[in-house]
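**Student:** I'll drop the sequence and a predicted model, then ask my questions.
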Amino acid sequence: GATSEATCSDCGAGKYSGATGATSEATCSDCTAGKYSGATGAISDATCSDCGAGKYSGATGATSDTTCSDCGAGKYSGATGATSDTTCSDCGAGKYSGATGATSEATCSDCGAGK
């Protein structure tokens, strides 16, 4: 048998487990969609960070914020931990924005006079 804890393997990045005495990595749970973690050996989902405002991710078990996609141009979202682009709201009527990853409607500019 094993003679030290050094033989025990950490859950990989993007995963966590509070279980003791686990016999395989299958015990490790993925960070949920809208979250990511680069940490190994995590013991709770608190280690998983939310995608920031203006971003979303449908991926589970994500290991970095690069899996978080920006809301597209003409859209914005103040929500963190979003799991799909449906959380991205359109700029209102008479407004526009070329920015991606916008976090508030303030990013949307008024259309000019005569437009």
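**Tutor:** Perfect, thanks for sending it. Numbering: from 1, shown residues only.
**Student:** Where does pLDDT dip in this structure?
**Tutor:** 2 (pLDDT under 70).
**Student:** So which residues of it form strands?
**Tutor:** 15-16, 29-30, 35-36, 49-50, 55-56, 69-70, 75-76, 89-90, 95-96, 109-110 (DSSP state E).
**Student:** and residue 63, which of those is closest to it?
**Tutor:** strand 35-36 (6.3 Å; Cβ to Cβ). From N, CA and C alone the C-beta is placed, and that goes for glycine too.
**Student:** now for the strands of the chain, which one comes closest to residue 8?
**Tutor:** strand 15-16 (14.6 Å).
**Student:** about what we covered before: closest one to residue 62 among the strands of the chain?
**Tutor:** Closest approach to residue 62 among the strands of the chain (Cβ to Cβ): strand 35-36, 3.8 Å.
**Student:** so what secondary structure elements neighbour the closest one?
**Tutor:** Contacts defined by 3 or more Cβ pairs under 8 Å, 6 or more residues apart in numbering; DSSP states H and E place strand 35-36 against strand 49-50.
**Student:** What strands flank the strand it packs on, and is each parallel or antiparallel?
**Tutor:** For strand 49-50, the paired strands and their directions (DSSP bridges) are strand 35-36 (antiparallel).
**Student:** got the contact list for the partner strand?
**Tutor:** Around strand 35-36, the neighbours that count as contacts under Cβ atoms under 8 Å, 6 or more residues apart in numbering are 14, 45, 48-51, 57, 59, 62-65, 67-68, 81.
**Student:** Let's have the strands of the chain in JSON lines, adding mean neighbour count.
**Tutor:** Conversion of the strands of the chain to JSON lines gives the following (neighbours: other Cβ atoms under 10 Å):
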{"stretch": "strand 15-16", "mean neighbour count": "23"}
{"stretch": "strand 29-30", "mean neighbour count": "18"}
{"stretch": "strand 35-36", "mean neighbour count": "26"}
{"stretch": "strand 49-50", "mean neighbour count": "18"}
{"stretch": "strand 55-56", "mean neighbour count": "25"}
{"stretch": "strand 69-70", "mean neighbour count": "18"}
{"stretch": "strand 75-76", "mean neighbour count": "23"}
{"stretch": "strand 89-90", "mean neighbour count": "16"}
{"stretch": "strand 95-96", "mean neighbour count": "15"}
{"stretch": "strand 109-110", "mean neighbour count": "12"}
